[in-house]
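Colleague: would you be able to build a 3D model of this:
(chains A and B)
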Protein chains: 2
Amino acid sequence: MDLKDYLKNRCQLVDQTLETFLPAAGELPASLHDSMRYSVFAGGKRVRPVLMLAACETVGGDLNAALPAACAMELIHTYSLIHDDLPAMDDDDFRRGNPTNHKVYGEATAILAGDALLTEAFILLSACQQGGDPVARLRVIHEIAHASGSRGMVGGQIVDMESEGKGEIDLATLSYIHTHKTGALIRASVRAGAMLGGACEDSLAALTRYGDAIGLAFQIADDILDVEGTTEELGKDAGSDQARGKATYPALVGLEASKRRAQELVEMALDALSVFDERAEPLRAIASYIVKRKS
Amino acid sequence: MDLKDYLKNRCQLVDQTLETFLPAAGELPASLHDSMRYSVFAGGKRVRPVLMLAACETVGGDLNAALPAACAMELIHTYSLIHDDLPAMDDDDFRRGNPTNHKVYGEATAILAGDALLTEAFILLSACQQGGDPVARLRVIHEIAHASGSRGMVGGQIVDMESEGKGEIDLATLSYIHTHKTGALIRASVRAGAMLGGACEDSLAALTRYGDAIGLAFQIADDILDVEGTTEELGKDAGSDQARGKATYPALVGLEASKRRAQELVEMALDALSVFDERAEPLRAIASYIVKRKS
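Modeller: Alright, predicted model coming up:
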């Protein structure tokens, strides 16, 4: 399979669906809705939604069953970036080469746009038009909410923030940050896709192992890119993690060991997929791509 | 019935349940969980949860069916207060006589605590232990999410913020702010309680009229209190709305007309309840109390 074509197709599908679901540009209150849309359509790679759709198809489900939840996941990811960039948090002026939300709309609107995007995710997840087994849908809402909350992503963000500039942190803390701040949503994306595709418990367990492995691989690869990538490739300042004293894998265990660890995790992810047929090809290709990407 | 005893009893029930559901004090990340608890247990009157429980009982439901959703609503209300108080928003140092969340835990933690409380509401709403009809529960999640989002509470907050200090705004704008910023959650509390109590569509429609009327009455009464109340009674600066050029009902239509309007709305609310038996007594007492309260 051609991963590039596949990703392009799936991104378009997600973008079209987001376009339909989100309140229209200019709908009152216009500043709020424009600000929400600004960050949602700022060129994200849609990694989480694509993983959710691919996991759904891997277990034999129809991707349309997972499309609203896939979009909800992207809204949660987007809200977390908006709040992360705020002056009181990372204080970033640029994201993917564009001014961050608060630089364009102001801090108050950026806070509220983030709040509204998080809420919009649950509007989408619970909308009655979508059909599907209501028990499975409640389970998916719980999975996604848990992964996003104080025991998931937000928990990872606060530990990351509190560790910043503290000098050397230990591998346990770094691992907590990685598995919570980025890993939790990636794991939940894969699991929610499997649930909505009607996976049996064995398939769900296999895909959970896949999700955990690529979640960590993705973050280690990100840390490596921050060291090796160029600012042009990344759309943000290369070396910025290092500059602000952020804990990273290469800083803690070295660059070569980090690369080896990322490669091991990809192999673990592929191994977890060995129980599936050719419908798992996209998930296999994504796992390999994670450690090869340049941005 | 004795409303004071009733409210005390219900508040205790809500507080005990919140205590059980929220991550424990000191659970890692401790700063985040402590900050969430600080604002949840800061002496709120639990108006929204009490309304939800009372609506559930009015239609003959068991209040335990609505208890988790009632707590979820209080978490959403609390998150909105934390974010509202931030320096980039209203920049308030005190809330109910205590320092605001960001004054105690810092701005970044306050932002994340708000995010986590909003998310926690949906963890609670979707938790599988709770049983109940899954279709009704999805409908309740949708009702609450919609009321909290860009077409509900957050929409009201941004219009309120954008109107501040702009001089005279018209009644249509003020009405939008009131029905969205506070009215939407009150309406949703009453409706969700009815849904979880198994209300028929006619009962739901009657309770929706009740919720809309008391939601607006509550806000007008708040505006009146800001003019007439003392700082001691309110636990915040009396006249603070006026001082920051915030649009209020008394400023726009006068104090006497505001009082008349609040009284009319209470009568509309009581009229909507005329189809119910004595189980609606708490809702009747709450409606009357709204315009009589001193804080």
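
Colleague: every contact and neighbour count from this point should use C-alpha atoms.
Modeller: OK.

Colleague: who in chain A is up against chain B?
Modeller: Contacts of chain A with chain B, taken as CA under 8 Å from any CA of the partner chain, map to A:29, A:32-33, A:83, A:88-89, A:107-109, A:111-112, A:115-120, A:122-123, A:126-128, A:134-135, A:138-139, A:141-142, A:145-146, A:148-150, A:154-155, A:158-159.

Colleague: which of those residues count as buried?
Modeller: Buried members of the residues of chain A next to chain B, counted by 16 or more other CA atoms under 10 Å in any protein chain shown: A:29, A:32-33, A:83, A:88-89, A:107-109, A:111-112, A:115-120, A:122-123, A:126-127, A:134-135, A:138-139, A:141-142, A:145-146, A:148-150, A:154-155, A:158-159.

Colleague: just the ones of those residues in helices?
Modeller: Of these, the ones assigned to helices by DSSP state H are A:32-33, A:83, A:107-109, A:111-112, A:115-120, A:122-123, A:126, A:134-135, A:138-139, A:141-142, A:145-146, A:148, A:154-155, A:158-159.

Colleague: point out where the stretch 151-295 of chain A drops to low pLDDT.
Modeller: A:230-245, A:295 (pLDDT under 70).

Colleague: which parts of it are helices?
Modeller: For the stretch 151-295 of chain A, applying DSSP state H, counting those that start in this stretch gives helices covering A:153-163, A:171-177, A:184-196, A:201-228, A:231-234, A:240-243, A:249-253, A:255-272, A:281-290.

Colleague: tell me the most buried of these?
Modeller: When the helices of the stretch 151-295 of chain A are scored by mean count of other CA atoms under 10 Å in any protein chain shown, the highest mean neighbour count falls to helix A:184-196 (a mean of 29).

Colleague: and it, what does it pack onto?
Modeller: The helices and strands touching helix A:184-196, judged by 3 or more CA pairs under 8 Å, 6 or more residues apart in numbering or on different chains; DSSP states H and E, are helix A:47-58, helix A:67-85, helix A:134-148, helix A:201-228.

Colleague: quick one: closest of the helices of the stretch 151-295 of chain A to B:Leu270.
Modeller: Distance to B:Leu270, taken as CA to CA, is lowest for helix A:153-163 among the helices of the stretch 151-295 of chain A, at 43.1 Å.

Colleague: give me the angle between the closest one and helix B:107-126.
Modeller: In terms of direction (axes from the mean of the first three to the mean of the last three CA atoms, to 10 degrees), helix A:153-163 departs from helix B:107-126 by 160 degrees.

Colleague: just the C-alpha atoms of stretch A:252-263, please, in PDB.
Modeller: Taking only C-alpha atoms (Å, rounded to 0.1, in the frame of the first residue of the first chain), the coordinates of stretch A:252-263 have been written out as PDB:
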ATOM      1  CA  LEU A 252      18.400  11.400  29.300                       C
ATOM      2  CA  VAL A 253      19.700   8.300  27.600                       C
ATOM      3  CA  GLY A 254      21.600   9.600  24.600                       C
ATOM      4  CA  LEU A 255      20.700   9.900  20.900                       C
ATOM      5  CA  GLU A 256      21.800   6.400  19.800                       C
ATOM      6  CA  ALA A 257      20.000   4.700  22.600                       C
ATOM      7  CA  SER A 258      16.900   6.700  21.900                       C
ATOM      8  CA  LYS A 259      16.900   5.600  18.200                       C
ATOM      9  CA  ARG A 260      17.300   2.000  19.300                       C
ATOM     10  CA  ARG A 261      14.500   2.300  21.700                       C
ATOM     11  CA  ALA A 262      12.200   3.800  19.100                       C
ATOM     12  CA  GLN A 263      13.000   1.000  16.700                       C
END
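
Colleague: got the contact list for it?
Modeller: Contact partners of stretch A:252-263, identified using CA atoms under 8 Å, 6 or more residues apart in numbering or on different chains, comprise A:168, A:170-171, A:216-218, A:220-221, A:224, A:249-250, A:291.

Colleague: one more time with 10 Å
Modeller: Stretch A:252-263 is contacted by residues A:168-171, A:174, A:213-214, A:216-221, A:223-224, A:227-228, A:248-251, A:264-269, A:287-288, A:290-292 when judged by CA atoms under 10 Å, 6 or more residues apart in numbering or on different chains.

Colleague: so A:Gly61, which of the three states?
Modeller: Assigned state for A:Gly61: coil (three-state reduction, DSSP: H, G, I helix; E, B strand; the rest coil).
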